[in-house]
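Enquirer: got a predicted model here, sequence first, then my questions.
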Amino acid sequence: MADAAYGLWPLVVFNTLLFVVFAAGFFHPKTRRDWRAMGAYTAFLAALFTEMYGTPLTIYLLGSWLGNRFPLLEDTHAGGHLWNDLVGWTGDPHLSPFHLASYVAIGGGFWLIAASWKVLHTAARNGELATTGPYAKVRHPQYDGFLLIMTGFLLQWPTIPTLIMFPVLVGVYLRLARNEEREVARRFGEEWSAYAARTPAFWPRRLRTAPTPRHPDIPGTHIPHPPTGRR
């Protein structure tokens, strides 16, 4: 091994458990569906940290194929930042644009999960439909939070297994969301239908500012009078 940053299996276990427990503290899984969401997230992290600190399978596979073209692609811990290597970033890998963007995505994902749980918990306690906070923008902000965290890790340390797993996990969260919506629709009926009609599932619409009605007492404004029938 070119450096001592691999084969550190205690770090694999520690980091996986750390991020799982951290997410669970924000997400507060209770139902079977919640635990499925956590399970998918945990599998992604296990695959990620196995390559980050255990065995760099992706670097081994790509090193022989792309090694001559991308000399930075080496079996070192610094060489595991694949995007940096492929674009020729020679500075500190932890300060690259990819790495900095990953911090924003991961932090934003945890914030979104936490903010969504507060709204959902209050709504559940009051027997209401969650429609405020992040739920005013999308119907499934907590799933968005998990996907944002995983996107952040892909920016930071992409691997062949996690790149393959990511679209599969997107499908898992889509299926969980559909099942969840069927249950909520049966419970809240027309209230849910109205909410779902105005709120996208995962991707927020652009904020649109409604046109401000103009008032005749304010210069430069005008409110048309109703027609009188005279020309």
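Expert: Ah, there it is.

Enquirer: burial measure for Phe188, as a count.
Expert: By the other C-beta atoms under 10 Å criterion, the neighbourhood of Phe188 contains 16 residues. In this view, the C-beta of every residue, glycine as well, is placed from N, C-alpha and C.

Enquirer: give me the spatial nearest neighbour of it, chain neighbours excluded.
Expert: Spatially, and ignoring its direct neighbours in sequence, Phe188 is nearest to Leu129 (5.0 Å; C-beta to C-beta, 6 or more residues apart in numbering).

Enquirer: now for that neighbour: which residues touch it?
Expert: Neighbour list for Leu129: Ala123, Val184, Phe188, Glu191, Trp192, Tyr195 [criterion: C-beta atoms under 8 Å, 6 or more residues apart in numbering].

Enquirer: just the buried ones from these?
Expert: Ala123, Val184, Phe188, Trp192, Tyr195 (16 or more other C-beta atoms under 10 Å).

Enquirer: closest one of the residues you listed to Ala43?
Expert: Of all the buried ones among the contacts of Leu129, Val184 has the smallest distance to Ala43: 26.3 Å, by C-beta to C-beta.

Enquirer: any chance of the backbone angles for that closest one?
Expert: phi -70, psi -40 (degrees, to the nearest 10).

Enquirer: settle this for me: it is touching Ser193, isn't it.
Expert: No: with contact defined as C-beta atoms under 8 Å, Val184 does not count as touching Ser193 (10.5 Å).

Enquirer: what about Leu86, neighbour count?
Expert: Here the number of neighbours of Leu86 (other C-beta under 10 Å) works out to 15.

Enquirer: where does it sit, in terms of helix or strand?
Expert: For Leu86, the enclosing helix or strand under DSSP states H and E is helix 82-87.
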